[in-house]
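1. coords below, sequence missing:
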């Protein structure tokens, strides 16, 4: 387990991570928000992390590929499917799909129970044409909205 930012590092367990973030947070109890990413690795680890962060008064967002169902205690769920990997998490706040993906049709996700459906242009040498294709798809399919990774357009890696 790791943490980004000043004082980041590796932690042996969810309690140590939650305690370190609580100490780095500073300020009062309002607006405490933590994003857990890579949640597809271990549902048990995520569940443990959620319990710890909840004890410190954090709201919890989860970003996952959806291959494992999200545990309870999550305030915001973002699923970003990869390829044709089957989804165990079929409901949440955001479904964020990299576009285009080989053999992946955004329409195949529209029956899922997400509040927001977002297309994110695939990065790489074809980023400009992928962005144009994502915009065109969103204009033709109004349920979908464009989601760009601003840092990539700014050249920040």
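-> Received, thanks. No experiment lies behind these values; they were computed from the predicted model shown.
2. the residue nearest in space to the middle of the chain: what's it in contact with?
-> Nearest residue to the geometric centre of the chain (Cα atoms, centre = their mean): residue 63, 2.4 Å. Residue 63 makes contact with 35-39, 78, 80 under the criterion Cβ atoms under 8 Å, 6 or more residues apart in numbering. Heads up, the C-betas are built off the backbone N, CA and C, glycines and all.
3. so what strands line up beside the helix or strand where it lies?
-> Here residue 63, judged by DSSP states H and E, is contained in strand 59-64. As defined by DSSP bridges, the strand partners of strand 59-64 come to strand 33-37 (parallel), strand 76-79 (parallel).
4. now it: average pLDDT?
-> In this model, strand 59-64 has a mean pLDDT of 91.
5. circling back to that earlier point, could you save the contacts of residue 63 as CSV and add columns showing pLDDT and neighbour count?
-> Below are the contacts of residue 63 laid out as CSV (pLDDT from 0 to 100; neighbours: other Cβ atoms under 10 Å):
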residue, pLDDT, neighbour count
35, 87, 12
36, 84, 20
37, 81, 13
38, 70, 14
39, 57, 26
78, 95, 23
80, 94, 18
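6. can I get those in JSON lines including distance to residue 10?
-> Output for those, formatted as JSON lines (distance: Cβ to Cβ, whole Å):
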{"residue": "35", "distance to residue 10": "18"}
{"residue": "36", "distance to residue 10": "15"}
{"residue": "37", "distance to residue 10": "15"}
{"residue": "38", "distance to residue 10": "14"}
{"residue": "39", "distance to residue 10": "18"}
{"residue": "78", "distance to residue 10": "24"}
{"residue": "80", "distance to residue 10": "24"}
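7. tell me the angle of the strand or helix carrying residue 23 relative to strand 33-37?
-> Per DSSP H and E: residue 23 is located in helix 14-25. With axes from the mean of the first three to the mean of the last three Cα atoms, to 10 degrees defining the directions, helix 14-25 sits at 140 degrees from strand 33-37.
8. rounded mean pLDDT for helix 14-25, please.
-> 85.
9. i'd like the first residue to be 15 from this point on
-> Renumbered: residue one is now 15, and that last one reads helix 28-39.
10. tell me which residues in it are buried?
-> Within helix 28-39, the residues that count as buried by 16 or more other Cβ atoms under 10 Å are 28, 31-32, 34-36, 39.
11. quick one: those residues as CSV, columns for distance to residue 60 too.
-> What follows is the buried residues of helix 28-39, written out as CSV (distance: Cβ to Cβ, whole Å):
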residue, distance to residue 60
28, 9
31, 12
32, 12
34, 17
35, 15
36, 18
39, 20
